[in-house]
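# A predicted structure for the sequence below; I have some questions about it.
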Amino acid sequence: MQSSIKSKIEELLGQQIKAEFIEVTDESWQHGGGPEAQSHFKIIVVSTQFEGQKLLARHRLVQSILADIVSRVRAISLHTLTPTEWQKAEENDVSFRSPGCHNKK
């Protein structure tokens, strides 16, 4: 049985980031892949570790943790927030959407 990339992402982030919230969504089915494609993922991470960091630094941190996985998937949509940013997003009913796929058939 093929191991789940989603589960591996959750495991790695859970081990290496002190997160208040982690959500990993396999969006492969929205991009022309079937349920087994494991090619497109949306990741939301809420952590105090991001406080004082610019977006690029946050994304580099997550990508460094997921370096092995990043090379095996087609796309990862990252949403990295501090708890305060997350609270504001929830209050304003912000939806975290991934960009559309240009290769979708």
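Received, thanks.
# low-scoring pLDDT stretches of this structure, where are they?
Along the chain, the model assigns pLDDT under 70 to residues 1-3, 29-37, 97-105.
# Grab the most central residue of it for me.
residue 43 (1.6 Å; Cα atoms, centre = their mean).
# Now that residue: which helix or strand?
When elements are assigned from DSSP states H and E, residue 43 belongs to strand 40-47.
# by contact count, what packs against the helix or strand just after that strand?
Per DSSP H and E, strand 40-47 leads on to helix 55-65 as the next helix or strand towards the C-terminus. With contacts defined as 3 or more Cβ pairs under 8 Å, 6 or more residues apart in numbering; DSSP states H and E, helix 55-65 has these neighbours: helix 5-16, strand 75-81. Every residue, glycine included, has its C-beta placed from N, CA and C.
# Same question for helix 55-65: list its buried residues.
58-59, 61-62, 65 (16 or more other Cβ atoms under 10 Å).
# How about stretch 10-30?
Neighbour-count burial for stretch 10-30 flags 12-13, 17, 19, 24, 26-28 (criterion: 16+ other Cβ under 10 Å).
# Distance from the chain centre to it, please.
Averaging C-alpha positions (Cα atoms, centre = their mean, to the nearest Å) puts stretch 10-30 6 Å from its chain's average.
# Return the distance of the helix or strand that contains residue 89 from the chain's centre.
Using DSSP H and E, residue 89 falls within helix 83-91. Distance of helix 83-91 from the chain centroid (Cα atoms, centre = their mean) equals 17 Å.
# now stretch 53-65
11 Å.
# List of residues touching that stretch?
Contact with stretch 53-65 is made by 12-13, 16-17, 43, 45, 49-50, 70, 76, 78, 80, as judged by Cβ atoms under 8 Å, 6 or more residues apart in numbering.
# again, only this time at 7 Å
Stretch 53-65 has contacts (Cβ atoms under 7 Å, 6 or more residues apart in numbering) with 12-13, 16, 43, 45, 50, 70, 78, 80.
# Closest to residue 87 out of those residues?
Nearest to residue 87 among those: residue 50, at 13.4 Å, using Cβ to Cβ.
# right, and the closest one touches residue 79 too?
No. Look at residue 50 against residue 79 with Cβ atoms under 7 Å: they stay out of range, at 10.9 Å.
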